[in-house]
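# sequence unknown, structure follows:
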Ligand code: ADP
């Protein structure tokens, strides 16, 4: 099936048009500056990128510009919009309502709306993308794929916060977790690559990008993950602090007179490896600075590696053993030294890396030594393919 995958943000919208069966990507691109002016970048494999300034006062014009590009004589890949069989939307927060992807109808939209307080930045933008597509392509089926859904199998003991229980009962405060589509994709690929049924495997998936999270996956189901009610939780990321002692908030707010918005902005945008290093949120810049002798850059890397390693240990305990550790996303796929630093010191639990095998980027590979008890794998994530496959499956099964 030919599926248009949409990831709508508040002022940008990424898309990929692909075949869910052959995995062929026909075109992909990005709408930027929605609500400001509007810019489209459209890429078709083997052809020159097409860039165009298109007025995009709303997501409606952005979607229309994508459809125009997909059907244009010069840059297009189909002759008519009707050749798009279905649209799959990435939606950030499905709350407790969604344990899997769903066909978009009025009830689904109402449930996504209900999750807006849990995903106040992303869900409204995701809904704008959905509504724009419904308006422009009213006869094309649409599917929502949630970042939280894969984590909904976590047991109560893993998702319950130790605060008064009424906040869970009345306000749905619990661990949800994110990057679920990525953790689901790489854990399933890991089972394929190892030639074993997912139900027999205990896997720790490390999604290390600008935003990062780990998941513990047992028998193909998530049993724990590092992000929480929101994506600020877990270990330090590019600009996010990860878990910190809540006392720090009161202390700094008192000393500097910050309100909660300013405080959260610091924790979301100015912390993580950027905050420690003062250099950048990009691991390439921090690596270069560390190599040039910058102590804080090295410290940022050390804190990051140490924190990921600690969670691997925690998840080995949660799973009662580990068969495989998977690295994915920007850092996990490209940064051999990060993978090495994280995996080193885990020899006691049966992890033995192969430095030569690890010396690669962006390709599926086993990077542990042949005699390693725990398999370590590099698997590039492909959330778009998962969204396209979920979409095709649901539309076929209607
Ligand atoms: P996002 O969370 O925005 O989807 P990505 O998964 O694309 O992020 O990861 C982006 C991050 O990956 C960059 O900020 C950068 O730190 C890191 N990265 C990309 N390429 C490399 C590389 N070659 N070496 C080290 N880090 C890299």
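It's in. Everything numeric in this text was worked out from a predicted model, so none of it was measured.

# quick one: residues contacting residue 185.
Residue 185 makes contacts with 381, 382, 383, 385, 386, as judged by Cβ atoms under 8 Å, 6 or more residues apart in numbering. Any C-beta I mention is one placed from the backbone N, CA and C, and that applies to glycine too.

# is there proximity between the helix or strand where the last one lies and the ligand?
Read that as residue 386. Taking DSSP states H and E as the criterion, residue 386 maps to helix 383-396. No. In this structure, helix 383-396 remains apart from the ligand according to Cβ under 6 Å from any ligand atom; the gap is never smaller than 9.1 Å.

# circling back to that earlier point, which one of the contacts of residue 185 is nearest the ligand?
Proximity to the ligand was ranked across the contacts of residue 185 by Cβ to the nearest ligand atom; first place goes to residue 381, at 7.6 Å.

# how much space between that closest one and residue 188?
Separation of residue 381 from residue 188 (Cβ to Cβ, to the nearest Å) stands at 11 Å.

# residue in the stretch 151-300 of the chain nearest to the ligand?
Of the stretch 151-300 of the chain, the residue with the smallest distance to the ligand, taken as Cβ to the nearest ligand atom, is residue 209 at 2.4 Å.

# ok, now which ones touch that residue?
Neighbours of residue 209 in contact, by Cβ under 8 Å, 6+ apart: 238, 329, 330, 331, 332.

# rerun at 10 Å
By Cβ atoms under 10 Å, 6 or more residues apart in numbering, the residues touching residue 209 are 179, 182, 237-238, 283, 328-334, 381.

# repeat for residue 217
With contacts taken as Cβ under 10 Å, 6+ apart, residue 217 has the following neighbours: 150, 153, 183-184, 186-188, 190-191, 198, 201-205, 223-225, 315, 319, 324, 326.

# ok, residue 333 - how many residues close by?
Around residue 333 sit 21 other residues, with neighbours defined as other Cβ atoms under 10 Å.

# just give me how far the helix or strand hosting it sits from the chain centre.
Per DSSP H and E, residue 333 falls inside helix 329-334. Shown here is helix 329-334, whose average C-alpha point lies 12 Å from the average C-alpha point of the whole chain (Cα atoms, centre = their mean, to the nearest Å).

# and for it, what's in contact with it?
Contacting residues not belonging to helix 329-334 are listed as 179, 182, 186, 205-213, 237-238, 273, 282-284, 287, 304, 308, 326-327, 338-339, 342, 360-364, 378-381, 383 [Cβ under 10 Å, 6+ apart].

# which among those count as buried?
With neighbours counted using 16 or more other Cβ atoms under 10 Å, the contacts of helix 329-334 contain these buried positions: 179, 182, 186, 205-213, 237-238, 273, 283, 287, 304, 308, 326-327, 338-339, 342, 378-381, 383.

# downstream of the strand or helix carrying residue 207, the next helix or strand is which one?
Secondary structure assigned from DSSP H and E places residue 207 in strand 202-208. Tracing the chain C-terminally past strand 202-208 and defining elements by DSSP H and E, one meets strand 212-218 next.

# isn't residue 51 up against residue 31?
No. With the criterion set as Cβ atoms under 10 Å, residue 51 and residue 31 do not qualify as a contacting pair; they are 11.3 Å apart.
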